[in-house]
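Engineer: have a look; sequence and predicted model below, questions after that.
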Amino acid sequence: MITWERLTQADFVTTEWSGGTTTQLAISPERAAYGDREFLWRLSSATVELDHSDFTPLPDYNRFLAVLEGEIKLKIDAQEPFPLTPGRVVAFDGGVPVESWGQCVDFNLMVRKGKGEGCVVELRREEAFEETVTPGAGNRSLAVYCVSGSASLPQFGLEVQAGQTLLCLEGQNEPFTIKGEAGVLMVACVREA
């Protein structure tokens, strides 16, 4: 049986770093510690309060990054710096040097190399909507993070408000429907290798 759960601020872990704070929204396995670097995947949102930041090297992980508020200029490895604004998700190797300029609130998925594949999709809607998500075959974990507005998974009887996450760790691979009001949702999917 597929099991979804709603996570609220009381379930999240917020820590300080040199340039702001990071809120861990979910991690797998559940008892894993980010600092040990032995997790399969981690979902977080950080505030970047410095004008210039160097990303923590994470050579064992692939990363997916989106800006929720604000705008930054991002430089990944030897690439030319480029603007990262709300509505765009970038994927990169966590082991390469990454720098950013500007302040923002971001959304970040980290997936261990060779152990899984990930993706992040932003749903930004100006009005009420209904969308079907098809995760695909395989053992998948899914998270729906409500940045603003509200949303529900009617077939599971769950609702989520701004700042909350709906999480499924049980291998959701059947299509499901998300209904929402105007706002922003981030949908993260991890398929275990």
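Structural biologist: Thanks, I have it.
Engineer: only C-alpha atoms for contact and neighbour calcs from this point on.
Structural biologist: OK.
Engineer: what about the helices in the chain?
Structural biologist: In the chain, no helices are defined using DSSP state H.
Engineer: flag the shaky bits of it, pLDDT-wise.
Structural biologist: 1, 135-139, 170-173 (pLDDT under 70).
Engineer: and for residue 81, nearest residue in space, chain neighbours not counted?
Structural biologist: Nearest residue to residue 81 in three dimensions, chain neighbours excluded: residue 75, at 4.2 Å (C-alpha to C-alpha, 6 or more residues apart in numbering).
Engineer: residue contacts, residue 89?
Structural biologist: Contacts for residue 89 (C-alpha atoms under 8 Å, 6 or more residues apart in numbering) come out as 64-67, 120-122.
Engineer: residue 123 and residue 148: what is the separation?
Structural biologist: To residue 148, residue 123 is 11 Å away according to C-alpha to C-alpha, to the nearest Å.
Engineer: what residues are shared contacts of the two?
Structural biologist: Common contacts of residue 123 and residue 148 (C-alpha under 8 Å, 6+ apart): 184-185.
Engineer: burial count for the closest residue to residue 181 other than its chain neighbours?
Structural biologist: In this structure, residue 181 finds its nearest non-sequential neighbour in residue 128, 4.1 Å apart by C-alpha to C-alpha, 6+ apart. If you count neighbours by other C-alpha atoms under 10 Å, residue 128 ends up with 13.
Engineer: what separation is there between residue 128 and residue 152?
Structural biologist: 11 Å.
Engineer: please list all residues in contact with the spatially closest residue to residue 113 that is not a sequence neighbour.
Structural biologist: The shortest distance from residue 113 to any non-neighbouring residue, by C-alpha to C-alpha, 6+ apart, is to residue 61 (5.2 Å). Taking C-alpha under 8 Å, 6+ apart, we find residue 61 in contact with 93-95, 110-113.
Engineer: which of these lies closest to residue 8?
Structural biologist: For the contacts of residue 61, the closest approach to residue 8 (C-alpha to C-alpha) belongs to residue 110, at 20.4 Å.
Engineer: which residues does the nearest residue to residue 156 once chain neighbours are set aside bridge with?
Structural biologist: Nearest non-adjacent residue to residue 156, counting by C-alpha to C-alpha, 6+ apart: residue 4, 7.5 Å away. Using DSSP bridges, the beta-bridge partners of residue 4 come out as residue 168.
Engineer: my guess is the residue nearest to residue 181 contacts residue 182. True?
Structural biologist: Yes: taking contacts as C-alpha atoms under 8 Å, residue 128 lies within contact range of residue 182: 5.3 Å.
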